[in-house]
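# Structure, please.
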Amino acid sequence: MNLKPLHDRLIVRPAKPEEVTKGGIILPDTAKEKPVQGEVLACGPGKYDESGKLTPIGVKVGDKVLYGKYSGTEISLDGEDVLIMRESDVFAIVETNGKAKK
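As a prediction, the model looks like this:
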């Protein structure tokens, strides 16, 4: 990937939408919900505050994150659909057993 986000922006690969419900019903494309979880592919350096001090970003490449359903801007990068969003659009980092999920 030759795209580097600026400031407090992230590039996130959305998780694949659910194809089958827990009850075994196959969902058509029109019934699938937009994913709200994804993997961080790239991070900007952070955001500058009013005094000019750099506040580093709180997530890192490889983190699994939860974000708003309509957050970010969808782009196609190397044939793959990804999202560019601000760090503030991320609600949480998904962790398992006290460690960030990989």
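
# got the buried residues for stretch 49-59?
By neighbour count on 16 or more other Cβ atoms under 10 Å, the buried set for stretch 49-59 is 57, 59. To be clear about C-beta, it is placed using only N, CA and C from the backbone, and glycine gets the same treatment.

# now that stretch, how far from the chain's geometric center?
Taking Cα atoms, centre = their mean, to the nearest Å, the mean C-alpha location of stretch 49-59 is offset from the chain mean by 20 Å.

# how close does the residue positioned nearest the centre of the chain get to G46?
Geometric centre of the chain, nearest residue: V12, 3.5 Å, by Cα atoms, centre = their mean. Distance from V12 to G46, counting by Cβ to Cβ, to the nearest Å: 17 Å.

# List the buried residues for stretch 83-97?
Within stretch 83-97, the residues scored as buried using 16+ other Cβ under 10 Å are 83-87, 89-90.

# of those residues, closest to I75?
Taking Cβ to Cβ as the measure, I75 lies nearest I84 of the buried residues of stretch 83-97, at 6.2 Å.

# just so I have it, where are all the strands in this protein?
Shown for the chain, the strands assigned by DSSP state E span residues 9-14, 37-43, 46-48, 54-56, 64-67, 73-77, 80-86, 90-93, 95-96, 99-100.

# Turn those strands into CSV, columns for distance to L3.
Converted to CSV, those look like this (distance: least, Cβ to Cβ, whole Å):
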stretch, distance to L3
strand 9-14, 6
strand 37-43, 7
strand 46-48, 18
strand 54-56, 20
strand 64-67, 18
strand 73-77, 6
strand 80-86, 8
strand 90-93, 18
strand 95-96, 27
strand 99-100, 23
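
# Export those to a markdown table and append columns for mean pLDDT.
Below are those laid out as a markdown table (pLDDT from 0 to 100):
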| stretch | mean pLDDT |
| --- | --- |
| strand 9-14 | 92 |
| strand 37-43 | 92 |
| strand 46-48 | 90 |
| strand 54-56 | 91 |
| strand 64-67 | 92 |
| strand 73-77 | 88 |
| strand 80-86 | 91 |
| strand 90-93 | 92 |
| strand 95-96 | 78 |
| strand 99-100 | 57 |
